[in-house]
Each structure stands twice: as C-alpha cells, then as structure tokens.
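>>> would you be able to build a 3D model of this:
(chains A and B)
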Amino acid sequence: MSSKTLLLTLMVLAAITAGVFTCKEFNRKNRDLANVKPAYVVNATELINEFAADDSIANKKYLGKVVTVKGQIKKINQDEDGYYTLMLGDTAGMSSVLCAMDTTHFKNAANLPPISSVTVKGYFIGFDKDETGLLGSDVKLNRCVIDNRAQ
Amino acid sequence: MTGIKFLIAVTLLSTTLHAQDKFFTKSGKISFYSKAIIENIEAHNRSVTCVLDKNTGNIQFSVPIKGFEFEKALMQEHFNENYLESDKYPRAEFKGQITNNGEIDYTRDGTYVSKVKGKLTIHGQTNDVETDGKVIREGNKITVSAEFNVRLPDYKIKNEKLQNISNTIKVMVNCPLDPLKT
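Take a look at the predicted model:
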C-alpha cells in the first residue's frame, strides 16, 4: 500500500468516526434516571421545608440535580394524554413534591397503591412559591422513576 | 347573638364561595414548536401551575423552564444552557386577565373564546402580550387553552449560534383545571 492510499484510508476512517460520533451525539436521548446516582436523598416534607425556609438557597442547591425523595403519596394524577404525576408530602398541607413520571416508567406509577409511602428519583426543575395562600408551594421534579432499590 | 351568628354564617359562606371561585392545576401542559431547516423542534412541559379566578378573570401561569422535555438530549441541553439560561432564569411566568370574562358562562358546558391580556416573563424579560384562547367547561372541570407566538428577540434570547432556529416560536397551552377546595 502506498503512503498516499494509506493517508486516504486514514482520512476516510477519521471522517466516518467523526460522522458516527456526531450522529450519535445529535440523536442522544435523555438518560433514564433509574441508573443515575442521586446527588441528594431526602424526605418529601423535609425538602418542602427547606424551600419554605429559603428558596433561593435551596434552588441553588437542587436546581438541575437528581434527587431521591421519600414520601407519602397524596395523589396520583393522570392527564388526558396518559401522563402520570405523583404528589408527595404531608396530606394535611397543600404543599407537595410533584413528580412528573418518566414515560418509560409509567407502569410502575399506575400500579402504586394510593396513600402509601414511596421513593421516587427525579430531576429537580423548580420551586413554585405560593402567592395566593391557597395553592401551597411546590417542589417540582420530572423524568421521575420509582426507586425500587430503596424500597 | 343572632346578629353574631348571622355574621359568622355570612363570613363562612363568603369564604367557601371565594374558594370555589378558583380553579387550578399543578401539572398543566405547555408545549412549543419551531420550524427549522435541519429539523423541527418540539418540547413539552407537564409541570405547569395555573390558577384561574372565574369571578375576576384573573389568570396566572408558572412554568419551570427545566421542565421542558425534548426528544433529543442535546437540544434540551442547548435550550437550557445557551438559549433560556435556565440556571439564571429558572421560571417563566404569565400574569393577566381574561378581558371578556363576562361572556364566559362558567355554569354551562361549552367552549368559549377568551381574550387574554397580561404580562409574560421569559428569560428575565417582561412584555405585554395579548392573545385569544379558549375556556372549555365540562362538568366541574374547566380547561384553558391558547396558542400564540413568542418572538425570541423580545425576550433577549440570543439566536446566534444556530441560525437554523426560527426567531418566532409557537407556544401551545393546555391546562385542565380542578376546582380549588380549601
């Protein structure tokens, strides 16, 4: 093989590798949180209290982080498209940890008995401070999965 | 004595009435859509809080920006890091009013056209917006929906890196609301 063909072969190989990498990166899906280690493990009521005490500090701590939350199920919501949201927290209060479930883990959410205790792992997306005094303040997570290992 | 009893009864009645005047959700849906050269962009957020007061027509939305889910992770990362800067501005908000609230009969099933006016805050920038929407009453459930365009420059969202993204994004709101019981 001449050095010219060798160089050409190498260039083609490099182009293919770059192409495959770009394509893979471009089509990459969001990670399934079932196999991601959480940054924090916390009780639902403790998490709500942390935000109630100082939401700017708590926001800095949790924003964009994966959190495992243990708590009492207050309500299981299913919207008209079939998506599930779990509400965790103290049933006496209006404030909740809202867990929008990951589509690939719906089955687990659908089979949960209401008013039971559960451990959910999710990605923290924000806190809604109640301004009306009627709604309660909520901690919101999405891409949530039921954490079986913690059960 | 009867006077006091009457006063208490009226106060109790007015507070219960007051509570039933409001409808809310904490898991409403907002999506957006943008036509682009390489690929269309679509994202959905199912963690929207919305409160509607049927007496005054006051309506509020709170949207956690990190709650928008894209099919592709790379797009989601670009959206959060380069465009919406969601670490700095984690929430979008709308506070406004249904200006033709008197034309909506909240006691009868039906689909009503609503005119909504208010202030929309995205990326730390607030603008006056006005759009048409729908209020749908079905039993004791009320659904609010709307579709409107957001111009990225109005909210100082930079669109330099990837010019293939359109400067106008279509936003779709669909929030089924439950009566607020206190």
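>>> just the helices in chain A please.
In chain A, the segments counted as helices under DSSP state H are A:3-27, A:44-53, A:55-62, A:106-110.
>>> give me whichever of those helices is most buried.
Comparing those by mean neighbour count (mean count of other CB atoms under 10 Å in any protein chain shown), helix A:44-53 comes out on top with a mean of 18. C-beta: built from backbone N, CA, C; applies to glycine.
>>> so how far is A:Ser3 from the residue of chain B found nearest chain A?
Distance from chain A to each residue of chain B (CB to the nearest CB) is smallest for B:Pro64, at 3.1 Å. Remark: distance between B:Pro64 and A:Ser3 (CB to CB, to the nearest Å) = 58 Å.
>>> kindly report the same for B:Ala146.
Using CB to CB, we find B:Ala146 at a distance of 65 Å from A:Ser3.
>>> who's the residue of chain B closest to chain A bridged to?
With DSSP bridges applied, the residues forming beta bridges to B:Pro64 are B:Arg91.
>>> so B:Gln76: helix, strand or coil?
Recorded secondary structure, B:Gln76: helix (DSSP: H, G, I helix; E, B strand; the rest coil).
>>> now it. Nearest residue, chain neighbours left out?
Nearest residue to B:Gln76 in three dimensions, chain neighbours excluded: B:Phe70, at 4.1 Å (CB to CB, 6 or more residues apart in numbering or on different chains).
>>> just give me the neighbour total for the one you found.
Neighbour count for B:Phe70, taken as other CB atoms under 10 Å in any protein chain shown: 18.
>>> that one and B:Tyr83 touch, don't they?
No. Because the distance of 11.7 Å does not satisfy CB atoms under 8 Å, B:Phe70 is recorded as not touching B:Tyr83.
>>> now A:Val41: how far from A:Leu47?
10 Å.
>>> how about the one residue in chain A that gets nearest to chain B: what's its closest non-neighbour residue?
Chain A approaches chain B most closely through A:Gly126 (3.1 Å), counting by CB to the nearest CB. Closest residue in space to A:Gly126, ignoring its immediate chain neighbours: B:Pro64 at 3.1 Å, by CB to CB, 6+ apart.
>>> pretty sure that neighbour sits against A:Tyr123.
No. At 10.6 Å, B:Pro64 does not count as touching A:Tyr123 under the criterion of CB under 8 Å.
>>> so how far is the helix or strand of chain A with the lowest mean pLDDT off the chain centroid?
Averaged element by element with mean pLDDT, DSSP states H and E, chain A has its least confident helix or strand at helix A:106-110 (a mean of 76). Centroid separation between helix A:106-110 and its chain, computed with CA atoms, centre = their mean, to the nearest Å, is 15 Å.
>>> contacts for it, please.
Contacts with helix A:106-110, where a contact means CB atoms under 8 Å, 6 or more residues apart in numbering or on different chains, come from A:76, A:78, A:82-84, A:86, A:101, A:145-146.
>>> just curious, which of the residues you listed is nearest to A:Lys29?
Each of those was scored against A:Lys29 by CB to CB, and A:Val145 proved nearest at 14.6 Å.
>>> got the contact list for the closest one?
Contact criterion CB under 8 Å, 6+ apart gives A:32-34, A:101-102, A:105, A:108, A:120-122 as the residues in contact with A:Val145.
>>> so where's chain B uncertain?
Of all residues in chain B, those with pLDDT under 70 make up the ranges B:1-19, B:160-164, B:182.
>>> which residue lies nearest the spatial centre of it?
What sits nearest the mean C-alpha location of chain B, by CA atoms, centre = their mean, is B:Phe61, with 3.8 Å.
>>> that one reaches B:Leu177, doesn't it?
No. Taking CB under 8 Å as the definition, B:Phe61 is not a contact partner of B:Leu177, at 11.3 Å.
>>> what touches both of those two?
Among the neighbours of B:Phe61, those also in contact with B:Leu177 (CB under 8 Å, 6+ apart) are B:28, B:50.
>>> okay, now the closest residue to B:Ser166 other than its chain neighbours: neighbour count?
Of all residues beyond its chain neighbours, the one nearest B:Ser166 is B:Ser34 (5.0 Å), with distances taken as CB to CB, 6+ apart. Other residues near B:Ser34 number 19, with proximity taken as other CB under 10 Å.
>>> domain assignment for chain A?
The record assigns chain A these domain ranges, following automatic domain parsing: A:1-30, A:33-150.
>>> residues touching B:Asn167, list them.
If you count contacts by CB under 8 Å, 6+ apart, then B:Asn167 has B:151-153, B:159 around it.
>>> so which residues of chain B form helices?
Using DSSP H, the helices of chain B run over B:2-20, B:73-78.
>>> name the helices or strands packed onto the last one?
It stands for helix B:73-78. If contacts are counted by 3 or more CB pairs under 8 Å, 6 or more residues apart in numbering or on different chains; DSSP states H and E, helix B:73-78 sits against strand B:41-53.
>>> now the strand it packs on, how far from the centre of its chain.
Shown here is strand B:41-53, whose average C-alpha point lies 6 Å from the average C-alpha point of the whole chain (CA atoms, centre = their mean).
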